[in-house]
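Colleague: Pasting the sequence and the predicted coordinates here, then a few questions.
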Amino acid sequence: MKSVSTGRDRPAECHPLSVVCGMMIAVDTERLIGIWQRLLADPHKSWVLFGNGTCVVLTAPDGDLTEQATEILAEFGPAHAGTPAGDFGVIDLKDAEGWVVTGHHIDVLTFVAPDEPDDQSEMAVGVLGRSKRDRDGTELHVVHVEDRRGSSEPVQGPA
């Protein structure tokens, strides 16, 4: 398993402040990486994390994972009201505090921390998660790549 943070010229532990729904929210990259590592514990799943908490799970990782995830998020990240791109679902997490907001692509997921929304109703959490996904889908700023392609080899016993 290879884990790579791409903080570029910024410290890896914190992405600059993001404006989501008119609120200033500091996104702690290291915290998000830890949360996604716990949530996506399957050793066979590679994934890419974007700056506002959106994770693209790569079920068929191939070539450059950053490029593959960026293409998916560029298509399925931006939200458009009144279309499937504006739809969302909210998953209340059991293994971490917060929620995962789903969208119209099964492998594009956005984490919302419990301290982010002013209102913790499902609607408010979903709208915030959709807004974060929209920002990630337009900014396309990768902050972490979890490459698990090498860890999927089955262990073979004696012949």
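Modeller: Done, it's in.
Colleague: Show me what the spatially most central residue of the chain bridges to in the sheet.
Modeller: In the chain, the centroid-proximal residue (C-alpha atoms, centre = their mean) is Cys55; its distance is 1.8 Å. Note on Cys55: beta-bridge partners by DSSP bridges are Leu49, Leu109.
Colleague: Isn't it up against Trp47?
Modeller: Yes. Using C-beta atoms under 8 Å, Cys55 is in contact with Trp47, at 5.4 Å. Yep, even glycine has a C-beta here, placed from its N, CA and C like the rest.
Colleague: list the residues that contact both of these two?
Modeller: Counting by C-beta atoms under 8 Å, 6 or more residues apart in numbering, the contacts common to Cys55 and Trp47 are Trp36, Leu40.
Colleague: With just CA atoms, put the longest helix anywhere in the chain into CSV.
Modeller: In the chain, assigned by DSSP state H, the helix with the most residues is helix 122-139. What follows is helix 122-139 as a C-alpha-only set of coordinates in CSV (Å, rounded to 0.1, in the frame of the first residue of the first chain):
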residue,chain,number,x,y,z
GLU,A,122,-30.2,15.5,7.1
MET,A,123,-31.2,18.3,4.6
ALA,A,124,-28.6,20.8,6.0
VAL,A,125,-25.8,18.1,6.1
GLY,A,126,-26.7,17.0,2.5
VAL,A,127,-26.7,20.5,1.1
LEU,A,128,-23.3,21.2,2.7
GLY,A,129,-21.8,17.9,1.5
ARG,A,130,-23.2,18.6,-2.0
SER,A,131,-21.6,22.1,-1.9
LYS,A,132,-18.3,20.7,-0.8
ARG,A,133,-18.5,18.1,-3.7
ASP,A,134,-19.3,20.9,-6.1
ARG,A,135,-16.2,22.9,-5.0
ASP,A,136,-14.0,19.8,-5.2
GLY,A,137,-15.5,19.0,-8.7
THR,A,138,-14.5,22.5,-9.9
GLU,A,139,-11.3,23.1,-8.0
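Colleague: Contacts for that helix next, please.
Modeller: Outside helix 122-139, the residues that touch it by C-beta under 8 Å, 6+ apart are 18, 20-21, 50-54, 73-74, 76-79, 86, 88-90, 99-101, 103, 108, 110-112, 116-118.
Colleague: Over to stretch 41-49?
Modeller: Outside stretch 41-49, the residues that touch it by C-beta under 8 Å, 6+ apart are 1, 29, 32-33, 36, 40, 55-59, 61, 65-66, 68-70, 142-149, 151-152.
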